[in-house]
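Peer 1: heads up, no residue letters with this:
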(Lines give C-alpha, C1' and ligand atoms only; values in the text may rest on other atoms or scores of the structure.)
Protein backbone atom coordinates (compact mmCIF):
# COMPACT_ATOMS: atom_id res chain seq x y z
CA UNK A 1 0.00 0.00 0.00
CA UNK A 2 1.04 3.59 -0.35
CA UNK A 3 2.04 5.96 -3.11
CA UNK A 4 4.82 5.12 -5.50
CA UNK A 5 6.76 7.22 -8.05
CA UNK A 6 7.81 5.69 -11.37
CA UNK A 7 11.49 4.82 -11.62
CA UNK A 8 11.43 3.04 -14.98
CA UNK A 9 9.27 1.12 -17.44
CA UNK A 10 11.39 -1.26 -19.45
CA UNK A 11 10.81 -3.92 -22.04
CA UNK A 12 13.74 -6.28 -22.36
CA UNK A 13 14.27 -8.38 -25.48
CA UNK A 14 17.26 -10.13 -27.03
CA UNK A 15 17.75 -6.92 -29.03
CA UNK A 16 18.10 -4.74 -25.92
CA UNK A 17 16.06 -2.58 -23.59
CA UNK A 18 13.32 -0.18 -24.72
CA UNK A 19 11.17 2.26 -22.75
CA UNK A 20 7.50 2.24 -23.90
CA UNK A 21 6.86 5.73 -22.46
CA UNK A 22 10.38 7.00 -23.08
CA UNK A 23 13.37 6.96 -20.73
CA UNK A 24 12.16 10.05 -18.85
CA UNK A 25 8.59 8.89 -18.19
CA UNK A 26 6.81 10.28 -15.12
CA UNK A 27 4.18 8.44 -13.15
CA UNK A 28 2.47 7.65 -9.86
CA UNK A 29 0.78 4.52 -8.54
CA UNK A 30 -1.38 4.47 -5.41
CA UNK A 31 -2.88 1.61 -3.42
CA UNK A 32 -5.03 2.32 -0.36
CA UNK A 33 -6.16 0.13 2.54
CA UNK A 34 -9.71 0.09 1.23
CA UNK A 35 -8.69 -1.90 -1.85
CA UNK A 36 -8.67 1.04 -4.28
CA UNK A 37 -5.88 1.90 -6.71
CA UNK A 38 -4.98 4.40 -9.41
CA UNK A 39 -2.10 4.81 -11.82
CA UNK A 40 -0.97 7.55 -14.18
CA UNK A 41 2.09 7.46 -16.42
CA UNK A 42 3.07 9.98 -19.05
CA UNK A 43 5.72 10.32 -21.70
CA UNK A 44 7.63 13.46 -20.79
CA UNK A 45 8.06 14.55 -24.44
CA UNK A 46 4.47 14.04 -25.56
CA UNK A 47 3.93 17.60 -26.75
CA UNK A 48 1.14 20.06 -26.13
CA UNK A 49 -2.22 21.01 -27.52
CA UNK A 50 -3.02 24.48 -28.78
CA UNK A 51 -4.92 26.82 -26.47
CA UNK A 52 -8.24 25.70 -27.97
CA UNK A 53 -7.63 22.21 -26.52
CA UNK A 54 -8.83 18.72 -27.30
CA UNK A 55 -11.99 19.56 -29.22
CA UNK A 56 -10.16 21.31 -32.05
CA UNK A 57 -6.96 19.27 -32.17
CA UNK A 58 -6.17 17.22 -35.26
CA UNK A 59 -6.38 13.43 -35.07
CA UNK A 60 -2.62 13.17 -35.51
CA UNK A 61 -1.97 15.60 -32.68
CA UNK A 62 -4.39 13.77 -30.37
CA UNK A 63 -2.72 10.47 -31.20
CA UNK A 64 0.65 11.85 -30.06
CA UNK A 65 -0.64 13.54 -26.92
CA UNK A 66 -3.03 10.81 -25.73
CA UNK A 67 -0.75 7.98 -26.85
CA UNK A 68 1.81 9.27 -24.39
CA UNK A 69 -0.48 8.94 -21.38
CA UNK A 70 -1.75 5.95 -19.42
CA UNK A 71 -4.33 6.37 -16.67
CA UNK A 72 -6.79 4.10 -14.93
CA UNK A 73 -8.33 3.48 -11.52
CA UNK A 74 -10.40 0.86 -9.76
CA UNK A 75 -9.99 -1.85 -7.17
CA UNK A 76 -7.14 -4.25 -6.60
CA UNK A 77 -6.53 -7.63 -5.03
CA UNK A 78 -3.21 -9.14 -3.95
CA UNK A 79 -2.54 -12.88 -4.14
CA UNK A 80 0.60 -13.25 -2.05
CA UNK A 81 0.88 -16.99 -2.73
CA UNK A 82 1.01 -16.36 -6.49
CA UNK A 83 2.97 -13.12 -6.14
CA UNK A 84 0.38 -11.21 -8.15
CA UNK A 85 -1.74 -8.10 -7.91
CA UNK A 86 -4.87 -7.79 -10.05
CA UNK A 87 -6.15 -4.36 -11.03
CA UNK A 88 -9.90 -4.27 -11.78
CA UNK A 89 -10.33 -1.22 -13.96
CA UNK A 90 -13.45 0.91 -13.43
CA UNK A 91 -12.40 4.11 -15.21
CA UNK A 92 -9.64 4.71 -17.74
CA UNK A 93 -8.34 7.12 -20.33
CA UNK A 94 -8.88 4.38 -22.91
CA UNK A 95 -12.50 3.19 -22.96
CA UNK A 96 -11.51 -0.35 -23.99
CA UNK A 97 -9.79 -0.82 -20.62
CA UNK A 98 -12.95 -0.15 -18.58
CA UNK A 99 -14.32 -3.31 -16.93
CA UNK A 100 -11.12 -5.24 -17.62
CA UNK A 101 -8.60 -6.84 -15.29
CA UNK A 102 -4.82 -6.62 -15.43
CA UNK A 103 -2.76 -9.09 -13.44
CA UNK A 104 0.82 -8.12 -12.62
CA UNK A 105 3.51 -10.20 -10.94
CA UNK A 106 5.22 -8.23 -8.20
CA UNK A 107 8.48 -8.09 -6.28
CA UNK A 108 9.19 -5.80 -3.33
CA UNK A 109 12.74 -4.91 -2.39
CA UNK A 110 12.85 -2.34 0.41
CA UNK A 111 11.24 0.85 -0.93
CA UNK A 112 11.11 -0.53 -4.50
CA UNK A 113 8.14 -2.27 -6.10
CA UNK A 114 8.58 -3.98 -9.45
CA UNK A 115 5.53 -5.03 -11.44
CA UNK A 116 6.09 -7.49 -14.27
CA UNK A 117 3.58 -7.16 -17.09
CA UNK A 118 4.04 -10.83 -17.93
CA UNK A 119 5.27 -13.60 -15.65
CA UNK A 120 8.93 -12.94 -14.88
CA UNK A 121 10.86 -14.83 -17.52
CA UNK A 122 13.51 -17.35 -16.73
CA UNK A 123 16.74 -15.38 -16.32
CA UNK A 124 18.31 -17.07 -19.32
CA UNK A 125 15.55 -15.89 -21.71
CA UNK A 126 16.40 -12.23 -21.16
CA UNK A 127 12.90 -11.04 -22.09
CA UNK A 128 9.97 -9.36 -20.35
CA UNK A 129 8.44 -6.06 -19.35
CA UNK A 130 8.77 -4.51 -15.93
CA UNK A 131 7.69 -1.30 -14.26
CA UNK A 132 9.71 -0.22 -11.22
CA UNK A 133 8.32 2.15 -8.60
CA UNK A 134 9.80 3.81 -5.52
CA UNK A 135 7.69 4.40 -2.41
CA UNK A 136 7.14 8.08 -1.60
CA UNK A 137 4.33 7.79 0.97
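Peer 2: Cool, got the structure. Because the structure is a prediction, the values reported are computed rather than measured.

Peer 1: From now on I want contacts and neighbour counts done on CA atoms only, so please keep to that.
Peer 2: Fine.

Peer 1: what does stretch 13-32 contact?
Peer 2: Contact partners of stretch 13-32, identified using C-alpha atoms under 8 Å, 6 or more residues apart in numbering, comprise 1-6, 8-12, 37-44, 68, 76, 126-128, 133.

Peer 1: Please convert the buried members of the residues you listed into PyMOL selection syntax.
Peer 2: Restricted to buried positions by 16 or more other C-alpha atoms under 10 Å, the PyMOL selection for the contacts of stretch 13-32 reads:
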select buried, resi 3+4+5+6+8+9+10+11+12+37+38+39+40+41+42+43+68+76+127+128+133
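
Peer 1: any idea which helix or strand comes after the worst-scoring helix or strand of the chain on mean pLDDT?
Peer 2: Lowest by mean pLDDT, DSSP states H and E among the helices and strands of the chain is helix 59-67, with a mean of 81. Counting by DSSP states H and E, the element after helix 59-67 in chain order, helix or strand, is strand 69-79.

Peer 1: Go through stretch 58-78 and flag the buried ones.
Peer 2: So for stretch 58-78, counting by 16+ other C-alpha under 10 Å, buried means 61-62, 64-66, 68-76, 78.

Peer 1: now the end-to-end length of it.
Peer 2: For stretch 58-78, the first-to-last residue distance is 41 Å (C-alpha to C-alpha, to the nearest Å).

Peer 1: just how off-centre is that stretch within its chain?
Peer 2: Relative to the centre of its chain, stretch 58-78 is centred 10 Å away, using C-alpha atoms, centre = their mean, to the nearest Å.

Peer 1: from now on call the first residue 61
Peer 2: Yes, from this point I'll number from 61; that puts the last item at stretch 118-138.
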